[in-house]
Structures are given as C-alpha cells and as structure tokens.
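# I need the structure of the sequence given here:
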Amino acid sequence: MSAPSTPGGAGVAITARDLTKVYRKYLHKNQFTTLKSAIVSGSLIRDLSPSELFTALDHVSFDIPRGCTYGILGENGSGKSTTLKLLSGITKPSSGSLDVSGRVSALIELGAGFHPEISGRENVAINGVMLGVSRAEVMRRFDEIVEFAEMKDFIDAPVKTYSSGMYARLGFAVAIHVDPDILLIDEVLSVGDEAFTRKCLEKIGEFRRRGKTIVIVTHSLGLVEKMCDEALWLRKGKTMDSGDPKRVVDAYLSFVAAQENELLGKKTQIEVAQSEARGTSDAPEEKRRWGSGEMLLTDVRLKDEGGRTAHVFVPGDTLRIEITGEAKTPVLDFVFGLGIFTAGGTAVYGTNTHIEEYKSKRAEGVFSVMIEIQDLRLVEGSYLLDVAVHRKDGTPYDYHRGLYALRVRSRVKDVGVYRPHHKWTFSEALQIDEPPERHELELRPTDRVDRREGADSMETLHNDRASFRALGKSVVFTNGCFDILHAGHVSLLERASAEGDVLVVAINSDASVKRLKGESRPVISEAERAEALLALECVDRVLIYDEDTPLECIRALRPDVLVKGADWALDNIVGRDDVEKLGGRVVRVDLWPDRSTTGLIKKAESRAHAVPK
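You can find the predicted model right below:
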C-alpha cells in the first residue's frame, strides 16, 4: 500500500485518497472449454484478453481517526467488502493511495485463513502468525481464545467438521485476541447465535473504550447508529454520503425508500396488466381481478399529501387512493370498497360506502373517487390493498384483489399492524432516560409553499438533503453575506437555481459578517436576510453559518453543484475540491458590472458625502 501524497496525521489510522479497484469481467462468451476448441475456433489470442472491466470502487476517499468505530453500509455489490479487502492488504488498489497505520486484524469471510483438514488448535496457531503475532504469544493467549469461542470440546477436531457458527466464533476469537490496532469486521456476526453475538458486541465495546480503531461492514443500520462514530455509504463503488451515522443512515433509508417506491409502482402496473389478461381465466386461484363489468375501475393510484404518486410511507403520513372508472350504461346500485391487508393476508382494515351510509343514486360515464386516510398509523411492513366496486349485496362489478402495494417504513420497530397514539409515564421511584427525540424519516422534501419563512437548521437540511437525493433531485449551493439584496444578487441566484432542482443559500451570521466586512456591516440582520432570500421564488433553503467560510456546510450537505460569482478565481473557491471529488460541478456566474454589495455601499456613501450640508 502506497502512502498518500498528504499522509494522515498522528490522529488518523487510515487515509484513503481516490481509492479505485477495477476487475476484469470474464464472461462466458469470452471463454473456451479446451485448448483444442480455442485453436479450432481461432479465439485463442482474442479470448485470453477480454476487455470488459468492472469498477468495484471508484475514486473513494476517506479518513478514519484513531479510536474511531467506522461503519460502511450499502446495498449488495456496492463495494463494501472490496474496501475491507483493500484495507486488510488482501488485494491492492488499481489506483489511488491508501495508508493504514498499525497492526490489522481482519474477519472478512467466514473461515478465511482456516485450513479445513487440520484441527482448530493448529488453525489458531497458523491464523495468529498470519496476523503478525508470534507462535509463543498465540500459545500464551490460546486458552483465552478457546474460552471466548466456546470451543473447548471441539478445538482438536478438523475444522471441516465445524458448523458455520463455530467458524464464526473461532475466527472472531482469534481476530480480537491478537490485540490489533485496527479491527476489520465484515458482516460475519450475523452467523453466530444471539448469546455469542451479544458477547461479540460487548467485546467490540471494550475495544472502543481502549481506543482501538474498528471498521464494520454491515446491513444492520441499528448497529451503525448505535456503535459507530462515523459512517460511509457506498453505492456502485461510489461515495454517496459520509459523516454522522444517523444522518448517513437517514440518507440511505430515504434512497432505499425511493427505490422501493419505484419498484412497487412498476410491480403494480405489471400485476394490473396481468390481472386484466387473466380476467377470463378458468383457474380461480389465478384471478386477482374479477366482476361482471357493468362498472370498471380503469385506474387506481396511491398518492401522498402533496399529490405525488407514492408507494412508501411513514406512520403519520396522509395516504390518498385515487380511483378512475367508467360506467358504460347507467347503474343505480353501486358501492365502493377498500381493504387493507398485510403481505401475509391478515385483514388490517376494511370499509365501503354502504357501511358508512353513503346512498348511491346513479353512475354513468367516466367517474373518479378518492379516499384519503389521514395520519396513517400502520407499523413498519408491507401491505396490500383491495379496491372494488360492487352491488349492495356484494355482487362485484370490478374487484381488484391485492393489486396495489404500499410499504410503511419507521424508525420504531414495534410489532403488530396498528400504532395508536400513546404516552409512557413513570413514577419517581423509576429512574429512566427518555429516548432522544427523532422525527420519522423524511421520505419527501417539503413543498416550497409549506416551508418555514426563516432559515433552516443544519439537521433539517440533512434530512431534506436525504429526501432530495432519494427523489433524484440535484442540489445547488451558493453562499455570501447578502446584507443588501439587490438586482445583482437576484440575477446570480436565478442563474444558480437553473443549474439544478433545489437551491440552498448559505449566509454569514451577523458576527461572521462583522469579522469579514467590519463593524458597519451587516446592513440588515441575519434573520431579515434569510426571510428576504426565501421570499424569492428561486431560493428553496437558507442556512446561517458562523464560520468565516462555508466549507463545513459544503462538506455536510455535499451539493451537486457549487455556484460562485465569476469574480472568484477557480482555485480560490472554497469547497471546490470537495464537490469535484464527489462528482459534482463548480459553476462561475458572470456578475452585473458595478453591482457588488461593497460597490453599492461605496456609491451610497459617496452620494451622501456629496450632498451639501
């Protein structure tokens, strides 16, 4: 592993810069079964060098401080395990630099480093030596390893006779008892039983208290939030987000929810189309849509409170079911019904217009119906909807059975199907800490008209950034003092807004403006500046920062586009490197001549001095 051009400081255990790993893809079409077949087909030279490449990691950069527990999360195939293999030295990066300081112990694959034909005792000795510990030192710690792994009765048996849980226990025991500076763990804890997993987590907690560096790859988002100091989210080999674990997990969940939303929408369309094709089927079990056809439900859509098509919700959301249909001839007896079921078929709720005492009179031609469920109180899970129009006696005109799916996601992992509003109260004899207040995951950005009139907090913007990313919206960032909002500012902001979907404007606090511009500035307060900017149609969010530069804001928000005036030299634009490393763009906008705030103030002052007293 080569040292980076700017090595990590004394407080950094791992430094990665533009880490890239590329593999060759050996496809079946580029292979030959025998040398004879290759010569006969004339493909020997061509197929020995297939050109297809797969980029497992693509210019990933991060720093892991000493003593930090660092979580890496992402979907399957995102590059998590490849990252750990690079950190452990199992493989080398194709490009970029990596500096790892200290003894590394890796538990990356189940049974990695174990020889199946020899005993557990011999494997412990070999594994310890491979991790950089002398054989004498391994033997000194041998009893502790065996006791922790709970393998006393099986340590002399060949490893090939071990179960997957025994592999995991012994591998973890060896990895942690060689006293590494850096411990790498790749999802292997999921193999052990509950008691052993708890013991492993306690040992990891002990490592944390001793100031050891731990890197964990896991699909357990709760573990990342609970145990990690920082987190990295990878997708298709690229960095999607990094930093505070709660924020990164929120961003990941929002992205997953958006994918679920899209997949559920496509699945619904396919199932509705298939149900129409099966409408004449003789096999009752295949039918998911049936009826006499006097009235037809031609379109059913699930939407959120803002009228956007949605299939993923959180408890407390508003669910709208919009139905379009047609009665080709006049119908006098009709009832609209709705049923909600779990994925396993358990009835959650059902109602219809007859139960609720609506009285049908006449239906003819194209019609529409909407049922709105406010404050959706379902627990996390997958649900299916039945939608139907039928006679009062239940004879169906058009019955759609489980054709429409929705997913409820929640931070709270309660059980059942319904979450009533409730509150816990404890007597003084009970000492108990209240959980930190955290709102449900924000799956969608708040509409412009519903937003507050003042500046947003960084936490709010983190959540909004996660939802913007989930919805595929690009974020544009610009900053300044903006203590006189003039035509030059408006022009810059309008052009910045055109570079993406959401414009975030960061403004210096009053204290910051005074440090930078002098005691006579700002002309108006930070609250008034924020309110004035938000009154512009092109501005979506405002953030106030107290530092002299917006670098921390840029690193936290990770904008897709950074916009500055053309009077800024490209090399002097704060945050440029951070944005471009993540694949973003930096745009310089031409300013109106003589329309800078400082220039306008000087003009006003000169005019004031020119007025005769």
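
# state the distance from residue 410 to residue 485.
Using CB to CB, to the nearest Å, residue 410 is found at 41 Å from residue 485. Using the backbone N, CA and C atoms, a C-beta is placed for each residue, glycine as well.

# my error: substitute residue 139 in the last question.
For residue 139, the distance to residue 485 - CB to CB - is 74 Å.

# show me the residue at the heart of the chain, geometrically.
The residue lying closest to the centre of the chain (CA atoms, centre = their mean) is residue 252, at 0.8 Å.

# hang on, the earlier thing: looking at residue 139 and residue 485, which is more packed in?
Ranked by neighbour count (other CB atoms under 10 Å), residue 139 and residue 485 place residue 485 first, with 18 against 13.

# mind checking pLDDT for that one?
For residue 485, the model assigns a pLDDT of 76.

# is it true that it touches residue 533?
Yes - counting by CB atoms under 8 Å, residue 485 touches residue 533, with 6.9 Å between them.

# element containing residue 22, please.
Element membership for residue 22 (DSSP states H and E) is strand 12-24.

# show me which positions of that strand end up buried.
Buried residues in strand 12-24, counted by 16 or more other CB atoms under 10 Å: 12-21.

# low-confidence ranges in the stretch 501-613 of the chain?
Along the stretch 501-613 of the chain, segments meeting pLDDT under 70 span 592-613.

# quick one: the strands in it?
Using DSSP state E, counting those that start in this stretch, the strands of the stretch 501-613 of the chain run over 502-508, 541-545, 561-565, 585-589.

# please identify the most buried of the ones you listed.
Mean neighbour count, computed with mean count of other CB atoms under 10 Å, is highest for strand 502-508 among those, reaching a mean of 25.

# strand 541-545 and that one, what's the angle between them?
Between strand 502-508 and strand 541-545, the angle comes out at 20 degrees (axes from the mean of the first three to the mean of the last three CA atoms, to 10 degrees).

# direction included, what does strand 502-508 pair up with?
Sheet pairing of strand 502-508 (DSSP bridges) gives strand 475-480 (parallel), strand 541-545 (parallel).

# quick one: end-to-end length of stretch 505-512, please.
16 Å (CA to CA, to the nearest Å).

# measure residue 468 to residue 560 for me?
Noted for residue 468: a distance of 9 Å to residue 560, by CB to CB.

# quick check: neighbours shared by these two?
474-475 (CB atoms under 8 Å, 6 or more residues apart in numbering).

# looking at the two, which one has more neighbours?
Taking other CB under 10 Å, residue 468 and residue 560 do not tie; residue 468 has more neighbours (26 against 21).

# hmm, residue 502 and the more buried one touching each other?
Yes - with contact defined as CB under 8 Å, residue 468 reaches residue 502; the gap is 5.5 Å.

# chain neighbours aside, what residue packs nearest to residue 346?
The shortest distance from residue 346 to any residue other than its chain neighbours is 7.0 Å, reached at residue 417 (CB to CB, 6 or more residues apart in numbering).

# now do the contacts for the one you found.
342, 346, 348, 378-379, 381.

# which of the residues you listed sits closest to residue 227?
Residue 227 has its nearest neighbour among those in residue 379, at 25.1 Å by CB to CB.

# give me the pLDDT for that closest one.
Note for residue 379: predicted pLDDT of 93.

# quick check: residue 21 touching residue 87?
No - counting by CB under 8 Å, residue 21 sits too far from residue 87 to count as a contact (11.6 Å).
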